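Undergrad: Predicted coordinates and the sequence they were generated for:
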Amino acid sequence: MIQVEQHGSVTVIRMARAVLGRPLYWTAAYWLDGLLIDAGPRCTADELVRVLDKVPVQQIAITHGHEDHIGGLGALVKRFPAVRVYAARPTLPFIENPELLGMQRYRRIIWGKPTPFTGAHSLDEVEDVIHTSQFALRVIETPGHSRDHVSYFEPTFRWLFCGDAFIGGRDVAWAPEFDMFAIVSSLRTMATLRPERLFPGSGTVRRTPLPELLGKITDLIQLAEKVRKLDAAGHSTAEIVTMLFGGEPGIHRWTFGHFSAANLVEACRAYNDLTAPAPGADQGARRSGAWHDDLPDPPPRRSTDPGDLRR
Ligand SMILES: [Zn+2]
């Protein structure tokens, strides 16, 4: 199943395996000016190639080495043999050898297993800037969802293609490898860029990104604070999961425990360990939620998207 929308110069392509006509889980790729950002999963690769049949695909830039972002590479490279594929250096091993992903069965069912591809280039080769004929996208390191995660920022129009560095909605279950300290730090980096459009891995484009980024940071910090207080009161992980989330959510069952509220509680604890003030430190220095007072003023005027002019 595939859906296509136009946001100015940016084509939003949402992909999902469908069961009985219903999507299981949406993942997005974005096309602009001959550049494709992310490659979607293998299970929708042929549909993606068909959608891109009438446009040039000269470059592909990957945000991170998960199967729903690299799985379509094999089919794309076959259709566009001259394309140059770029990814962060730590992402390259996953593209070359998808066995390293350690995919559980549910991931193979929802997204399909990527075929190995050995021709991808490190973003180091272009000094962390992807140039198209109209745009220049800066590579921004945004780890946390995965260690290798990067985002792409177009500073003239302030577009931020952030992959899974921002995931909307309330967090109720995480995978054990998610790193809350790195996720919050990356969200802060993204907020500091003052994006005017956020293009996340879900394909749900955000037109007012800053309040959403700040809200997500505040939510995570407040959740960690709740866990800290419940830990201090001597509650077990199971009790905290029940008190904060009403028990494990459905995703815990169908991912066979890979995603769980208990993992999220553990991620909060790891965050709390890192951010705990030193003994005797001034508690007033912890200004949770107020850190963004220090952000620079927004840019004075938004440039006009050339794609808007064409419409
Ligand atoms: Zn991911």
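TA: Structure's in. What do you need?
Undergrad: and the residue in the stretch 1-150 of the chain that the ion sits nearest to, what does it touch?
TA: Residue of the stretch 1-150 of the chain nearest the ion, by Cβ to the ion: His66 (3.5 Å). All C-beta spots, glycine's among them, are computed from the backbone N, C-alpha and C. For His66, the contact set (Cβ atoms under 8 Å, 6 or more residues apart in numbering) comprises Phe94, Leu101, Ser146, Asp164.
Undergrad: and the residue nearest to Ala120 when sequence neighbours are not counted, what helix or strand is that in?
TA: Leaving aside its chain neighbours, Ala120 sits nearest to Val85 (4.2 Å; criterion: Cβ to Cβ, 6 or more residues apart in numbering). Using DSSP states H and E, Val85 maps to strand 84-87.
Undergrad: Ile183 too?
TA: Ile183 belongs to helix 180-192, assigned by DSSP H and E.
Undergrad: tell me what the helix or strand following that helix is packed against?
TA: For helix 180-192, the following helix or strand on the C-terminal side (DSSP H and E) is strand 197-200. Using 3 or more Cβ pairs under 8 Å, 6 or more residues apart in numbering; DSSP states H and E, the elements in contact with strand 197-200 are strand 10-15, strand 27-32, strand 159-163, helix 209-232.
Undergrad: ranges for the helices of the stretch 201-311 of the chain?
TA: 209-232, 237-245, 250-254, 261-275, 306-310 (DSSP state H, counting those that start in this stretch).
Undergrad: ok, back up a step: burial check on the residue nearest to Ala120, number of neighbours?
TA: Using other Cβ atoms under 10 Å, Val85 has 21 other residues around it.
Undergrad: My guess is it contacts Thr118. True?
TA: No: with contact defined as Cβ atoms under 8 Å, Val85 and Thr118 do not form a contacting pair (10.2 Å).
Undergrad: hmm, back to that, any chance of the contacts of His66 in a markdown table, plus distance to Gly250?
TA: Below are the contacts of His66 laid out as a markdown table (distance: Cβ to Cβ, whole Å):
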| residue | distance to Gly250 |
| --- | --- |
| Phe94 | 28 |
| Leu101 | 23 |
| Ser146 | 23 |
| Asp164 | 20 |
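Undergrad: The residues you listed also near the ion: which ones?
TA: Asp164 (Cβ under 5 Å from the ion).
Undergrad: Kindly report the residues of the protein close to the ion.
TA: Checking the chain against the ion by Cβ under 5 Å from the ion, the hits are His66, Asp164.
Undergrad: tell me the domain ranges of the chain?
TA: Using automatic domain parsing, the domain parsing of the chain gives 2-218, 220-279+287-293.
Undergrad: can you list these in a markdown table and add mean pLDDT?
TA: Shown next, in a markdown table, are those (pLDDT from 0 to 100):
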| stretch | mean pLDDT |
| --- | --- |
| domain 2-218 | 96 |
| domain 220-279+287-293 | 91 |
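Undergrad: among those domains, which is the most enclosed?
TA: Highest mean neighbour count among these (mean count of other Cβ atoms under 10 Å): domain 2-218, with a mean of 19.
Undergrad: what about that one, how long is it end to end?
TA: This stretch, domain 2-218, spans 33 Å end to end (Cα to Cα, to the nearest Å).
Undergrad: Then stretch 231-250?
TA: End-to-end for stretch 231-250, by Cα to Cα: 25 Å.
Undergrad: Tell me how far it lies from the chain's centre.
TA: 27 Å (Cα atoms, centre = their mean, to the nearest Å).
Undergrad: just stretch 87-97 next, same as before
TA: Averaging C-alpha positions (Cα atoms, centre = their mean) puts stretch 87-97 16 Å from its chain's average.
Undergrad: Then stretch 182-198?
TA: For stretch 182-198, the gap between its own C-alpha mean and the chain's C-alpha mean amounts to 11 Å (Cα atoms, centre = their mean).
Undergrad: ok, and what's touching it?
TA: Residues outside stretch 182-198 that contact it (Cβ under 8 Å, 6+ apart) are 7, 10, 140-145, 147, 149, 151, 153, 157-160, 162, 165-166, 205-207, 209-210, 212-214, 216-217, 220-221, 271, 291-292, 295-296, 298-299, 302.
Undergrad: Return the residues in contact with the residue nearest the centre of the chain.
TA: When Cα atoms, centre = their mean is applied to the chain, the residue found nearest the centroid is Asp164 (1.2 Å). Going by Cβ under 8 Å, 6+ apart, Asp164 touches Thr63, His64, His66, His69, His145, Ser146, His149, Pro200, Gly201.
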